[in-house]
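A.B. asks: okay, here's the prediction I keep looking at, along with the sequence it came from:
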Amino acid sequence: MSMSMSMEEEQPKSRGKPIRCRAAVCRKAGEPLQIEEVEVAPPKAWEVRIKIICTSLCHTDVTFWKMESPPATFPTIFGHEAVGVVESVGENVKEVREGDTVIPVLLTDCQDCGDCNSKKSNKCSRFPFMVSPSLPRDGTTRFTDSQGEVVNHFAYISSFSEYTVVDIANVTKIDPSIPPNRACLLGCGISTGIGAAWKTANVEAGTSVAIFGLGAIGLAVAEGAGIRGATKIIGVDLNPEKFEIGKKFGVTDFINPSDCGNKPVHEVIAEMTDGGADYCFECVGSTSVAHQAFARCRKGWGKTILIGFEMPSSQLSFSSYEVLVSGKTIMGSLLGDFKPKTDIPLLVKSYLDKELRLDDFVTHEVQFEDINKAFDLLISGKSIRCVIWMDKKFPPPI
Amino acid sequence: MDKETQTNPSDTTGKPIRCKAAICKNPEEALVIEEIEVAPPQAWEVRIKILCTSLCHSDVTFWKMQKPFGIFPTIFGHEAVGVVESVGEFVEEVKKGDIVVPVFLANCEDCKDCKSEKSNICSKIPFSVNPGMPRSGSSRFRDSNGDVINHFLFVSSFSEYTVVDIIHLVKITEPIPVDKACLLSCGISTGVGAATKIAKVEKGSTVAIFGLGAVGLAVAVGARMSGASKIIGVDLNPEKAKIAKKFGITDFVNPKDCGEKPIGEVIAEMTEGGADYCFECIGLANVMADAFSSCRPGWGKTVILGVEVHGAPISVNSLEILRGKSIAGSLFGGIKAKSDIPRLAKMYLDKEIQLDEFITHEVGFDDINKAFDLLLQGKSLRCLIWMDR
C-alpha cells in the first residue's frame, strides 16, 4: 500500500484490515531508533486507529528509552505527544469517526469513574496512569514487526509510527484548524506546564514563582504563570542559554546554580522573593531538585509542585519536622490537572484566539527518517520541542 | 513606685515574684517543685499568674530530649490559662486581672502571614524552640541560687507565675470556664483547626486519623462538625476504641490486628480506594508514611501534625505524588491564636464543639509528675494541673 495515498482513498481499503507502515522501533535501551516496517492491527472494540500527522519528543520518552530495566520494555515504539487523523474506529466508538482530527493523550479520561466525574481529580481510576507496554483495556498489543514479533506500545500511545492504535479513553477530538505542529504540543508537555500553573498551583496575580528546569514543561509553567499575572517568575537552570529562551516565555529572573558561588540557591531565591517563592515547580525529574524546590518555597503557604517524572519508584524524603513547622504543601501534577477530553480542546481554542502562545516552543522540525536527531537535540539541551513530521512532504512554512 | 499603683504591700508590680515552679533539671527526670524568682515583665511582656495548665505530648517530647538538643534546667508547660498580674511597657491589649491564654505560636496580627488567610506562621516572631524570651532571648526565671532557668516554647506554664510576650497571648472575654479555656491553648485547637482550616474537610468526606491522643480526637471533633461521613481512628491502644466514639470516630483500626495486611490497604478497603484526608497525630516518620499511603490517589491530602524530632525523614513515593496525593504540615492546625481561640471558645459555649470529655484527670500542682505518668501510660487525654490545689 502506497504511503502517499490521500485519506479518502485509504479509508475503504484499510478499514478492518492490518496496515503495513513505517515505525521508529527501539530495540535496545539507549540505542538509535530504527525505521522499520510494522503491521498495525485494526482497532478492536473501544479503540481507534490513528494516522499520525506529526509528533514531538518529550523528555519522558527519553527517560524510558534510556531505561534498561522494567517498566521499560523492548522492542518498543515510543512517542506520546502527537496529533493525527482517525483512520478507522472499533466497535462501540461513537465519540469520533473517520476523518476527525484527534490528539492521543497518555492520561486516560474515561469520563465515567469517580475521579473523571470529580472536579478534584484528573486521574482516571478506571485506567490508572501507568507506562504500559500494551493497551489499557485488555492488555494486548497491536504492533508486529516484519518477523511477526510483538512490538510494545508506550504509555498507551506509541506515536512514533505512521499509524497507531489507541483506546478511545486516550483520544481527544480537536478543532482541525489548529496547525498540526502546534496541536501535537498539547498532548503532553505544554498542557502539563500550563495546567500546573493554572490548576494545580492556581497561581494568582502578584505572586512569585520559582521554576526548576527550563525545558518545555518549565517554560510552559512560566507561560501559564505569566498569563495569570505572577509578577516574579524565576527560572533555575544549569544551562545559561536557557535564560534568553526563558525571557520569551515570561521568565523575569534567571538563576544558574553553578554561578551562585558561595551563596546557596535558596538564599538567592529568598532574597528575590521576600522569604521564598509562593510556588515552586520541579520540572526536571530529579529527587534532589525536588528537595531543593521544597526548600525554596515560602513558609506558611508555599506550595511545591512536582511535575518531573524520574524513575517510577523513586522515593522522596522530606524532613517531617520541616514539613510540620513550615506549613508548606507538597503536591504533584499529572498533565497539569487537566482533564484531556474537556480541557485540551479549550487550550486549542485559547491558541486559536491568540491567548495562549505555542509557536516559540517549536525550535526544530525534522522528517520521520531523521527522528534520532530529535533525541540528540533534546539530550544536548539544544531544543525545546522538535516536531517530527510523518509525511514525506515537508511541512508548510510556519 | 508609681503613684498610680496601689500602695498595697502585696502589690507585686515592677518587682520580682517568688513562687513555686516545677523544674526539670535533666532529661526524663521527674520535675522538682522549687521556689524560683520571676522577674517583672519587660517591654511587650506580660506576667501571668497561672490558674491551670495541662500536659501536652510536645512537653513530653522535649522533656525526654537528650543533650545537646535538649536544654536544661527548664520550666516546661505550654498549654494553660492565667490571669494578668502586671504588664510591661507598650502593652495595651491586656491589663491586670484579664483572663488570658498563652500560646506557643506568635500572632502579631500585623505581618504578611498574620494578615493572610493562607498562613498562621507569624513572620515577626517565627516559631522556634527557644530557651529565652522571644524579643530579647533572655530568661525571666532564676532559681534559688540565682541561676538561669530556661523557658519553654515562649510559655513555661508549669510555674505559679510566668512571663509571656504579648504576641503569644490571647485575651479571653467569653464566659468559658477556665479549665476549658486552658485546653484551647494548644492540642484541641490544633486538631480542630487541622480539620477545618488546613484540610477543610467537606461534608461526606472520609477521614483517617493516626494517633488518638488529644490532638487526634480533636481532629475527629473538627471532622464530625464538618460533616465527614467516615472518621477512622487508627491506634495501637485498643482502649482508645471506646473513648474515641465520644469524639466522633466511626471506625477503629488497630494495626496490630491487621496481620500481614498493610494499613494503607485496610483503609483503602474501608473507603473505596483511600481516605480523602489523613492526619498524622503522633510524630513518627513511619506513621506519616502509613498515613500518606492511606489517602486516596487523585485528591487525597495528608496533614502532618505530629512533631518528629529524631530527624527521620518522611519518605514517599514520587509516583504517588504525581498521582494526586499531597502532603501538608501544620503548626497549631492553621490557628491564628488571637482571632481563632476566642472563636473556638464561643463554639464551645454554643455547644458546636465539645471540650469536657478531653479532661480525663485532674491533679494539684504538687502532683504534676502524675500527669506525665498518665500520659506516658496512655491512660489520659488531658490531665489538668491546678496551681492552687
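C.D. replies: The structure has been received and is ready for your questions. Numbers count the residues shown, from 1 in each chain, chains lettered A, B, ... in the order given.
A.B. asks: who's in contact with the residue lying farthest from the centre of chain A?
C.D. replies: Most distant residue from the mean C-alpha position of chain A: A:Asn262, 35.8 Å away (Cα atoms, centre = their mean). With Cβ atoms under 8 Å, 6 or more residues apart in numbering or on different chains as the criterion, no residue contacts A:Asn262. C-beta coordinates here come from the backbone N, C-alpha and C atoms, glycine included.
A.B. asks: model confidence for it, exactly?
C.D. replies: Note on A:Asn262: pLDDT of 76.
A.B. asks: so how many other residues sit close to residue 258?
C.D. replies: You didn't pick a chain, so chain A it is. 10 (other Cβ atoms under 10 Å in any protein chain shown).
A.B. asks: that's the wrong chain, I meant chain B
C.D. replies: Counted with other Cβ under 10 Å, B:Cys258 comes out at 14.
A.B. asks: correct me, but B:Asp235 touches B:Leu212?
C.D. replies: Yes - between B:Asp235 and B:Leu212 there is a contact at 4.3 Å, judged by Cβ atoms under 8 Å.
A.B. asks: so what sits against both of these two?
C.D. replies: With Cβ under 8 Å, 6+ apart as the test, B:Asp235 and B:Leu212 both reach B:Ala244.
A.B. asks: who touches the residue in the stretch 201-350 of chain A that chain B sits nearest to in this structure?
C.D. replies: As assessed by Cβ to the nearest Cβ, chain B sits closest to A:Gly300 within the stretch 201-350 of chain A, at 2.9 Å. Going by Cβ under 8 Å, 6+ apart, A:Gly300 touches A:326-328, B:113, B:116, B:118-121, B:123.
A.B. asks: go through those residues and give me the one with the most neighbours.
C.D. replies: B:Asn120 (28 neighbours).
A.B. asks: let me know the pLDDT of that one.
C.D. replies: For B:Asn120, pLDDT reads 94.
A.B. asks: before we move on, what about A:Phe394?
C.D. replies: Reported pLDDT for A:Phe394: 56.
A.B. asks: once you drop chain neighbours, what's closest to the residue of the stretch 201-350 of chain A closest to chain B?
C.D. replies: Leaving out its chain neighbours, the residue that sits closest to A:Gly300 by Cβ to Cβ, 6 or more residues apart in numbering or on different chains is B:Ser119, at 2.9 Å.
A.B. asks: didn't that neighbour look like it was pressed against A:Gly327?
C.D. replies: Yes - with contact defined as Cβ under 8 Å, B:Ser119 counts as touching A:Gly327 (6.2 Å).
A.B. asks: out of the contacts of A:Gly300, the closest to B:Glu160 would be?
C.D. replies: B:Asn120 (30.0 Å; Cβ to Cβ).
A.B. asks: measure the closest one to A:Ala225 for me?
C.D. replies: 26 Å (Cβ to Cβ, to the nearest Å).
A.B. asks: and A:Leu324, by the same measure?
C.D. replies: From A:Leu324 over to A:Ala225 (counting by Cβ to Cβ), the distance is 28 Å.
A.B. asks: the more surrounded of the two?
C.D. replies: Using other Cβ under 10 Å as the criterion, A:Leu324 and A:Ala225 rank with A:Ala225 on top: 31 against 25.
A.B. asks: assumed that one was part of a strand.
C.D. replies: No - under DSSP: H, G, I helix; E, B strand; the rest coil, A:Ala225 sits outside any strand and is assigned helix.
A.B. asks: what sits against it?
C.D. replies: A:197, A:201, A:203, A:209, A:211, A:233, A:250, A:279.
A.B. asks: now with 6 Å?
C.D. replies: By Cβ atoms under 6 Å, 6 or more residues apart in numbering or on different chains, the contact set of A:Ala225 is A:197, A:203, A:209, A:233.
A.B. asks: same list (these) but as TSV, adding pLDDT, distance to B:Phe72 and secondary structure.
C.D. replies: Below are the contacts of A:Ala225 laid out as TSV (pLDDT from 0 to 100; distance: Cβ to Cβ, whole Å; DSSP: H, G, I helix; E, B strand; the rest coil):
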residue	pLDDT	distance to B:Phe72	secondary structure
A:Ala197	97	49	helix
A:Val203	96	47	coil
A:Val209	96	44	strand
A:Ile233	97	48	strand
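A.B. asks: export stretch A:35-49 as PDB, just CAs?
C.D. replies: Provided in PDB are the C-alpha atoms of stretch A:35-49 (Å, rounded to 0.1, in the frame of the first residue of the first chain):
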ATOM      1  CA  ILE A  35      12.700   3.000  10.900                       C
ATOM      2  CA  GLU A  36      11.100  -0.400  10.100                       C
ATOM      3  CA  GLU A  37       8.000  -1.700   8.500                       C
ATOM      4  CA  VAL A  38       5.500  -2.800  11.100                       C
ATOM      5  CA  GLU A  39       2.000  -4.200  10.900                       C
ATOM      6  CA  VAL A  40      -0.700  -2.300  12.800                       C
ATOM      7  CA  ALA A  41      -3.700  -4.400  13.600                       C
ATOM      8  CA  PRO A  42      -7.200  -3.000  13.100                       C
ATOM      9  CA  PRO A  43      -8.800  -1.400  16.200                       C
ATOM     10  CA  LYS A  44     -10.800  -3.700  18.500                       C
ATOM     11  CA  ALA A  45     -13.800  -2.600  20.400                       C
ATOM     12  CA  TRP A  46     -13.400   0.800  22.100                       C
ATOM     13  CA  GLU A  47     -10.200   1.500  20.100                       C
ATOM     14  CA  VAL A  48      -9.300   4.000  17.400                       C
ATOM     15  CA  ARG A  49      -6.600   3.600  14.700                       C
END
